[in-house]
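>>> next comes the sequence, and after it the predicted model I'd like to discuss.
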Amino acid sequence: MPRPAYLKIADELRLGIRAGTFPPGSRLPTLAHLSETHGVSQIVVRQAVAVLSAEGLVETRRGGGTVVRARPTVRRIAMDRYRVETEPQVTPATSFTHDQGIGWADYRLERRYRRVAADPELAALFGLPAGTALLRRRFVFFARGEPQQISVNYLPWELVAGTPVADPAREPWPGGTPAQLAYLGHPATRVEEAVRSRMPSREEAETLRMGTGVPVITVTRRMIAGERVLEVCRDIVIPADRVVLDYAIDL
């Protein structure tokens, strides 16, 4: 069965983008030009552009044509990333600033705190009864002014109520959540993470300034001290085109 014309055009444009013929920030040829070049209607060309848009390769701007999206910087996240938060540092740092390769001055954190009751899923992750009071903290992480990550984490209310950890004005906190748990007298001894992928919600895509068609990596995290779960992050959300997860297992 012959390959549809719009897919052939999408293939050609995709090759041009990857080869650098159409570098990031440049405009693709106009619909009229592509229509004439390939001998098809503009409707067919629009279908081809829609394919590239769904792949996150281009974006259409009102009055600005179709533009090749800039390739975001890919950062690698390794299993030992939390060591920067549990070992003494000469300058303030967190696992996020370490991953991004930025200094404290280039780091910004938007935060929103509120008290909530644990739903059944959170209760199971904590090993606590449903309805247990928790502190919910939603963070948006910025590196050099650009939003890179959303994190929603929970801490037992009885552990943090009345402490600086429950004060949003104290953020960002050098050392992040591991340093906060240590400050409370419960240093984490284990970190567990479960990784999934999905498409972002509209709010997530807008907050992280994502291109159409780009999925996100989500990480559900638990920080544990001994047998007690002291933090659940549901979830850490990162655009999939900005991250590589590195895992190493010693045998």
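Here it is on my side, so go on.
>>> C-alpha from now on. contacts and neighbour counts both.
Will do.
>>> bridged to V67, which residues?
R27, E59 (DSSP bridges).
>>> quick check: it touching G56?
No. In this structure V67 lies outside contact range of G56 using Cα atoms under 8 Å: 11.0 Å.
>>> separation between the closest residue to Q100 other than its chain neighbours and E36?
Distances taken as Cα to Cα, 6 or more residues apart in numbering put R75 closest to Q100, at 6.6 Å, once the chain neighbours are dropped. Computed as Cα to Cα, to the nearest Å, the R75 to E36 distance reads 41 Å.
>>> D80 too?
Taken as Cα to Cα, the span from D80 to E36 is 54 Å.
>>> pLDDT weak spots in the stretch 51-200 of the chain?
72-74, 76-77, 79, 88 (pLDDT under 70).
>>> can you show me the helices along it?
83-86, 95-100, 120-126, 157-160, 176-183 (DSSP state H, counting those that start in this stretch).
>>> which one of the ones you listed lies closest to K8?
The stretch from the helices of the stretch 51-200 of the chain with the least distance to K8 (Cα to Cα) is helix 95-100; that distance is 37.7 Å.
>>> list the buried residues for that closest one?
S95, F96, T97, H98, Q100 (16 or more other Cα atoms under 10 Å).
>>> what of stretch 102-113?
For stretch 102-113, using 16+ other Cα under 10 Å, the buried residues are Y107, R108, L109, R111, Y113.
>>> ok, so of these, who is nearest V244?
Y107 (20.5 Å).
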